[in-house]
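Engineer: can you look at this prediction? I've put the sequence above it.
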Amino acid sequence: MADPTRLLIVDDNEDILSTFYEFFNSMGYEVKTAVDGFVALKLLRDKSLFFDCLITDLVMPNISGVGLISIVKKEFSHLKIVAITGYGDHPGALASEAQADVVLFKPIDLFKIEDTVASLLSNDNKNPKE
Amino acid sequence: MSTPLIGVSKSMLKIKELINHVANTCLNVLITGETGVGKEVVAECLYLESTRASQNFVKINCAALPETLLESELYGYEKGAFTGAHKKRPGKFQTADKGVLFLDEIGDMPLSLQSKMLHVLQSGEFSPLGSDQDFKTDVWVIAATNHNLEESIRQKTFREDLYYRLNIIKIDIPPLRQRKEDIPSLIEYYFRLYKTEYPNNMGSKPDAETLVRLCNYSWPGNVRQLQNCIKKQMVVNSWEKIFEELTNDHPDGTFENVSDSAPRFSASLLHNVANNDRMSIISEFVDLSTSSEKLFEDISLKKIKKLASDKVEKEVITFVLEKLGWNRSKAAKILKISYKTLLYKMSEFKVSPPVK
């Protein structure tokens, strides 16, 4: 692919956020990060930026991951959404209800997340050709 | 009349910005904060900025009603549903349809009603007491509480699943003592409000020293307590009495000890006040609640100059005309403008003699 895939990664834990950033950066993705759904929403609404995929934690202050997913589904419907949660079943169920493409549960291997992202985006690329 | 969200502190500006960004999403909101910080004011702002502003804003206090009454208030009942139900009555979920349902003190809702509430939020359907019919409801739920719901979940007095369903967007309003910069603008606002409501009251505004004392008080009852103080000041007109009452009636409130570091501390506070004055002056002409990018687009010196000079000119023209018994040619001479210009300005600023 000529253009690198653009990811928006959202987590209120800054250590996790920087780990994700390093990892996906080294895998050739173009990565932006946000510490909660509100910061993420501002990035998404910034017209100079464009994203292919959103990876988001669920339990966060201001705008939660579930809130962010609902807004993204309405306003940026092309975006693929991977939700990651460490808070038991309730937020995960709400994320599925808000139509996240995939919901993953912590702890989770970074390569598994990368696999998920890659396959979500390649499905998307195949569909129009078929 | 609804109260605007007053404040120039970072946290309040952020709340205004958040409201701006989410008011049209109609996602469930949970507003948290101590008693008197203004949770209902935030709920009203969300409502007024949303596309639902023309519909109903229905409020119910979950702590004020006994369990059975709360249930019938929320969902309504059919005739004969229980003793005394002489006729059918719609519930809040019905009156708030297409509008906003504000659930105040949600943390005090009994567990049995929490499960029913969860069901309605999940399915968007409810049935009135004594009815076997399900009704669809499209309400935007905004809930508020002064409880720490995470703690209530641990103590099993609040359902975890309901918490996550409400907590899609969370607005936490910090207590007033953590945002002292807001105190001067709040005082200014309530003074103006009570002055228009009761024009004959003579209560004087705080001088610089009193203002520092007011800013150093811990305000355990937050904005509501401050508001009551100002209301009282309008009547008793003695800040000393107000401070006395604060000490006597609120043993939990404290005045920060400023004696040790007095010069530095109060100087920095006065600097804050000056900074605050600046923000409150600017906020008269520019909407500071928008995002910073939008804000910078809005700030045009030319535009602000016009707004500011119009405002002052209007006051000066009114002042002179009132002094002269609305004699316009004399006023024009004193103001050193032509008669024609005066008439033009009077109509532009909508200045006209009082109607008797």
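Structural biologist: Structure received.

Engineer: which residues sit in contact with B:I183?
Structural biologist: B:176, B:211, B:214-215, B:219, B:226 (C-beta atoms under 8 Å, 6 or more residues apart in numbering or on different chains). (C-beta placed from N, C-alpha, C; glycine too.)

Engineer: 7 Å instead, please
Structural biologist: Taking C-beta atoms under 7 Å, 6 or more residues apart in numbering or on different chains as the contact definition, B:I183 lies against B:176, B:214-215, B:226.

Engineer: of all the residues you listed, which comes closest to B:K156?
Structural biologist: Using C-beta to C-beta, B:L176 is the member of those that lies nearest B:K156, at 31.9 Å.

Engineer: hang on, isn't that closest one packed against B:P220?
Structural biologist: No: contact criterion C-beta atoms under 7 Å: B:L176 and B:P220 do not qualify, at 9.2 Å.

Engineer: so between those two, which is more surrounded?
Structural biologist: Here B:L176 and B:P220 are set side by side on neighbour count (other C-beta atoms under 10 Å in any protein chain shown), and the busier one is B:L176, at 27 against 18.

Engineer: burial count for B:F126?
Structural biologist: B:F126, neighbours per other C-beta under 10 Å, totals 22.

Engineer: what does the pLDDT read for it?
Structural biologist: As predicted, B:F126 sits at a pLDDT of 92.

Engineer: check contacts around it.
Structural biologist: Applying C-beta under 7 Å, 6+ apart, one finds that B:F126 lies in contact with B:75, B:93, B:120, B:135, B:137.

Engineer: rounded mean pLDDT for stretch A:5-20, please.
Structural biologist: On average, stretch A:5-20 scores 93.

Engineer: how about that stretch, which residues are buried there?
Structural biologist: Buried positions in stretch A:5-20, judged by neighbour count with 16 or more other C-beta atoms under 10 Å in any protein chain shown: A:5, A:7-12, A:16-17, A:20.

Engineer: then stretch A:71-90?
Structural biologist: Buried-residue list, stretch A:71-90, by 16+ other C-beta under 10 Å: A:71-72, A:76, A:79-85, A:90.

Engineer: repeat that for stretch B:174-185.
Structural biologist: Neighbour counts over stretch B:174-185 (16+ other C-beta under 10 Å) mark B:174-177, B:179-185 as buried.

Engineer: got it, and stretch B:349-356?
Structural biologist: B:V351.

Engineer: only alpha carbons, please: show that stretch as PDB.
Structural biologist: This file holds the C-alpha atoms of stretch B:349-356, laid out as PDB (Å, rounded to 0.1, in the frame of the first residue of the first chain):
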ATOM      1  CA  PHE B 349     -29.000  51.300  20.400                       C
ATOM      2  CA  LYS B 350     -32.700  51.200  21.000                       C
ATOM      3  CA  VAL B 351     -32.500  54.000  23.600                       C
ATOM      4  CA  SER B 352     -35.900  55.500  24.300                       C
ATOM      5  CA  PRO B 353     -37.500  57.500  27.100                       C
ATOM      6  CA  PRO B 354     -39.300  55.400  29.800                       C
ATOM      7  CA  VAL B 355     -43.000  54.800  29.100                       C
ATOM      8  CA  LYS B 356     -45.100  56.200  31.800                       C
END
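
Engineer: which other residues reach that stretch?
Structural biologist: By C-beta under 7 Å, 6+ apart, the surrounding residues in contact with stretch B:349-356 are B:310, B:313-314, B:317-318, B:321, B:326.

Engineer: tell me how far that stretch is from the chain's mean position?
Structural biologist: Chain-centre distance of stretch B:349-356: 31 Å, with C-alpha atoms, centre = their mean, to the nearest Å.

Engineer: just want the most central residue of chain A.
Structural biologist: With distances taken as C-alpha atoms, centre = their mean, A:I55 lies nearest the centre of chain A, 1.6 Å away.
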